[in-house]
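Peer 1: Just a sequence and a predicted model for now, questions to come.
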Amino acid sequence: MEPTNIDKIIKVGAVFKGGTIIPRWFDYNNRRYEIKEVNYQWDDWEGQEKLLLFAVSDGTNSYELSLNLKRIIWKLEKVNMGS
């Protein structure tokens, strides 16, 4: 199934450990999603603003989260249901 683009600002709970950021949960549409696995992390740019992107899973679905390091804003970028 193709991922669904969301592109919405969300609230994220994360652990900062040894220079790394580990997202643990996020809130979207009045629901909390517990992150069971961070599958991949990479950097990207949006103009002059650096983004950290995370491919995560709650055990049922996968999600792409981004953290804008300049504005300190988390977004839910994409959702892939059932993967």
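Peer 2: Nice, I can see it.

Peer 1: what sits up against stretch 26-34?
Peer 2: Applying Cβ atoms under 8 Å, 6 or more residues apart in numbering, the external contacts of stretch 26-34 come out as 6, 8, 10-13, 24-25, 35, 58, 63, 65, 74, 76. From N, CA and C alone the C-beta is placed, and that goes for glycine too.

Peer 1: Filter those residues down to the buried ones.
Peer 2: Neighbour counting over these (16 or more other Cβ atoms under 10 Å) leaves I10, V12, I35, Y63, L65, W74, L76 as the buried ones.

Peer 1: Which residue ranges of this structure form helices?
Peer 2: Here the chain has no helices by DSSP state H.

Peer 1: got a list of what V38 touches?
Peer 2: Contacts were defined as Cβ under 8 Å, 6+ apart; by that measure V38 touches I22, P23, F54, A55, V56.

Peer 1: And the pLDDT for the residue nearest to the last one when sequence neighbours are not counted?
Peer 2: Of all residues not flanking V56 in the chain, I35 sits nearest, at 4.7 Å (Cβ to Cβ, 6 or more residues apart in numbering). We note a pLDDT of 98 for I35 in this prediction.

Peer 1: between the contacts of V38, which is nearest K70?
Peer 2: K70 has its nearest neighbour among the contacts of V38 in F54, at 17.2 Å by Cβ to Cβ.

Peer 1: For that closest one, which non-adjacent residue is closest in space?
Peer 2: Using Cβ to Cβ, 6+ apart, the nearest residue to F54 is L65, at 4.6 Å.

Peer 1: doesn't K78 make contact with the one you found?
Peer 2: No. Here L65 lies out of contact with K78, judged by Cβ atoms under 8 Å, at a distance of 9.0 Å.

Peer 1: longest strand in the chain, by residue count?
Peer 2: Using DSSP state E, we find that the single longest strand of the chain is strand 4-17.

Peer 1: nearest spatial neighbour of the residue of the chain positioned farthest from its centre, skipping sequence neighbours?
Peer 2: The outermost residue of the chain, judged against the average C-alpha position, is Q48 (20.0 Å), by Cα atoms, centre = their mean. Using Cβ to Cβ, 6+ apart and skipping residues adjacent in sequence, the residue nearest Q48 is K70, 7.6 Å away.
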